[in-house]
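Asker: Sequence isn't available, so here's the structure alone:
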């Protein structure tokens with residue numbers, strides 16, 4: 001058996017995702033390794049997908065009203 005060290009936030013996120021698809025964290029990681037990083041989760045409905053996206057959303061200040069593409073690429077053409 002091997003030990004993989006991750007921060008608490010990552011561990012909790014992995015455990016939460018594994019539980020949502022009905023797996024233990026260990027089983028989820030085994031499947032992930034067996035599939036070479038390919039999806040090991042069942043297809044998500046639109047509602048489930050929206051819920052996952054909401055969980056990943058962070059609070060951030062709104063962009064300025066005059067924000068433009070030029071603001072992103074101001075240091076090169």
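Answerer: Sure thing, it's come through. Please read these numbers as outputs of a predicted model, since none were measured by experiment. Numbers count the residues shown, from 1 in each chain.

Asker: Near residue 67, how many other residues are there?
Answerer: Residues near residue 67, counting by other Cβ atoms under 10 Å, number 10. In short, each C-beta sits where N, CA and C put it, glycine included.

Asker: Kindly report the same for residue 64.
Answerer: Neighbour tally, residue 64, other Cβ under 10 Å: 8.

Asker: Please enumerate the helices of this structure.
Answerer: 8-20, 25-34, 46-56, 69-72 (DSSP state H).

Asker: Please identify which of the ones you listed is closest to residue 63.
Answerer: Nearest to residue 63, of all the helices of the chain, is helix 69-72, at 8.6 Å by Cβ to Cβ.

Asker: can you give me the mean pLDDT across stretch 7-20?
Answerer: Mean pLDDT, computed over stretch 7-20, is 90.

Asker: Next, the buried residues of it.
Answerer: The neighbour-count check on stretch 7-20 (16 or more other Cβ atoms under 10 Å) flags 18, 20 as buried.

Asker: which other residues reach that stretch?
Answerer: Residues from elsewhere that reach stretch 7-20, judged by Cβ atoms under 8 Å, 6 or more residues apart in numbering: 6, 24, 25, 27, 28, 29, 41.

Asker: wait, which of the residues you listed is closest to residue 61?
Answerer: The closest of these, once distances to residue 61 are taken by Cβ to Cβ, is residue 6, at 29.0 Å.
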